[in-house]
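Student: just coords:
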């Protein structure tokens, strides 16, 4: 039954700049459940380009402190409130210098976000809050709930806002405060659910598995028309993504390969090209850079791709993989985070983390030579797995049912 209420959705940048593309299919379904949606982005630097949203969606950006002067001013202004909150956080964590430095910026900003949300809370009726990340936005919601206990909010958690090893401060800031105040916590993977159960068992009853999903753009080409194996990687070019390891693998492989990378800045990929050097016979490397999601979907729809390759050190449950398998493209990926929930025997090849380059190359070459990536029935099976597990039409339905329903029980 359709809700007669307003959803306030806190994002980092969407609908401005780039990123958080995976919000688009979810927003379409949320629009069916709420009369209005208010998007509140809080980490925007460039407001010049705003992506198109549905008619019933309005945008209420909150500007973040951009200069040291802004940070100092916010800290001084909020000092009476800041110090008690710091003491509260000290009780919740094993603090370190990096974490305290993070608090100096983010606690005053969270107070500012809370004050803005309070204005909206007083103006709107039947307002439901939803933070897309366990971050400063979610912490601001926990502060709002302390002031108004009747406030209800849910928070998704992905990868960078879930796993301590992904945080530059050594742990996810404000996490316990967010979990305590939340009506529900929505990890996007069963691995994420199990991770929270192991580390914060007291919040198990709030956990609800809420996988992301992607739209159906149709299946891609099923039959290869080239003896060269065409591989795609799709990510930023940062240490976490280990694109340089993909480059080393391409050099060590004996196969004829065309490796196409989507994403990253030119300077960063130029460093990858230095690793490749003059390459080897039978290797072609193409950098496409940052492209629109539509351009990427058009590429998958019009080109045969043997496999999407991902060798990251940590992941949540990558949308890039969901997109690939929706076209019937198999995956070759490291077994980290929730990757094992999408890369299974019927969708690709899962790589044990920590292998040396020799073993990794042998596994890769052996899998490609097996012919599975070019087997019509196998690729159709990859597509069927997407339909059953990561179809946005299914996964993004029922916000209110997930918010009010029973939690997912996942063994830790």
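Tutor: Done, it's in. Being a predicted model, the structure only gives us computed values, none of them experimental. Numbering: from 1, shown residues only.
Student: in the stretch 151-300 of the chain, which spans are helices?
Tutor: 175-181, 190-199, 243-252, 266-276, 293-302 (DSSP state H, counting those that start in this stretch).
Student: can you list these in a markdown table and add mean pLDDT and distance to residue 229?
Tutor: Using the backbone N, CA and C atoms, a C-beta is placed for each residue, glycine as well. Shown next, in a markdown table, are those (pLDDT from 0 to 100; distance: least, CB to CB, whole Å):
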| stretch | mean pLDDT | distance to residue 229 |
| --- | --- | --- |
| helix 175-181 | 96 | 42 |
| helix 190-199 | 96 | 30 |
| helix 243-252 | 95 | 10 |
| helix 266-276 | 89 | 16 |
| helix 293-302 | 96 | 16 |
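Student: and of these, who's closest to residue 371?
Tutor: Residue 371 sits nearest to helix 243-252 of all the helices of the stretch 151-300 of the chain, at 19.3 Å, using CB to CB.
Student: thought residue 276 was touching residue 285, still the case?
Tutor: Yes: using CB atoms under 8 Å, residue 285 is in contact with residue 276, at 5.6 Å.
Student: between the two, what contacts are shared?
Tutor: Both residue 285 and residue 276 are contacted by 247, 250, under the criterion CB atoms under 8 Å, 6 or more residues apart in numbering.
Student: which other helices and strands contact the helix or strand of the chain with the lowest mean pLDDT?
Tutor: Using mean pLDDT, DSSP states H and E, the weakest-scoring helix or strand in the chain turns out to be helix 399-404, at a mean of 72. Contacts defined by 3 or more CB pairs under 8 Å, 6 or more residues apart in numbering; DSSP states H and E place helix 399-404 against helix 23-33, strand 184-187.
Student: can you give me the buried ones in it?
Tutor: Across helix 399-404, burial judged by 16 or more other CB atoms under 10 Å covers 399, 402, 403.
Student: you'd agree the first one is up against residue 31?
Tutor: It stands for residue 399. No: using CB under 8 Å, residue 399 is not in contact with residue 31; the gap is 10.6 Å.
Student: in this structure, which residue is closest to the centre?
Tutor: Centroid-nearest residue in the chain, with CA atoms, centre = their mean: residue 158, separated by 5.3 Å.
Student: which residues touch it?
Tutor: 133, 188, 192, 316, 317.
Student: quick check on it: phi, psi?
Tutor: Main-chain dihedrals, residue 158, degrees, to the nearest 10: phi -110, psi -90.
Student: show me what the helix or strand residue 7 falls within is packed against.
Tutor: Under the criterion of DSSP states H and E, residue 7 resides in strand 6-11. Helices and strands touching strand 6-11, by 3+ CB pairs under 8 Å, 6+ apart, are helix 23-33, strand 36-41, helix 97-123, strand 127-131, helix 136-147.
Student: what lines up beside that strand in the sheet?
Tutor: Sheet partners assigned to strand 6-11 using DSSP bridges are listed as strand 36-41 (parallel), strand 127-131 (parallel).
Student: go through these and pick out the most buried.
Tutor: strand 127-131 (a mean of 24; mean count of other CB atoms under 10 Å).
Student: average pLDDT for it?
Tutor: For strand 127-131, mean pLDDT is 95.
Student: please work out the angle formed by the directions of it and helix 136-147.
Tutor: Strand 127-131 runs at 140 degrees relative to helix 136-147, counting by axes from the mean of the first three to the mean of the last three CA atoms, to 10 degrees.
Student: give me the contacts around strand 127-131.
Tutor: So strand 127-131 is contacted by 3, 5-10, 34, 117, 120-121, 137-138, 141, 144, 151-156, 178, 399, 403 (CB under 8 Å, 6+ apart).
Student: again, only using 7 Å
Tutor: 5-10, 120-121, 137-138, 141, 151-155 (CB atoms under 7 Å, 6 or more residues apart in numbering).
Student: repeat that for stretch 34-47.
Tutor: So stretch 34-47 is contacted by 3-17, 30-31, 56-62, 64, 113, 120, 137 (CB under 7 Å, 6+ apart).
Student: out of those residues, which are buried?
Tutor: For the contacts of stretch 34-47, a burial check counting by 16+ other CB under 10 Å picks out 6-17, 30-31, 57, 59, 61-62, 64, 113, 120, 137.
Student: before we move on, back to that, make JSON lines out of the helices and strands packed on strand 6-11 and add distance to residue 264.
Tutor: What follows is the helices and strands packed on strand 6-11, written out as JSON lines (distance: least, CB to CB, whole Å):
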{"stretch": "helix 23-33", "distance to residue 264": "21"}
{"stretch": "strand 36-41", "distance to residue 264": "23"}
{"stretch": "helix 97-123", "distance to residue 264": "26"}
{"stretch": "strand 127-131", "distance to residue 264": "28"}
{"stretch": "helix 136-147", "distance to residue 264": "26"}
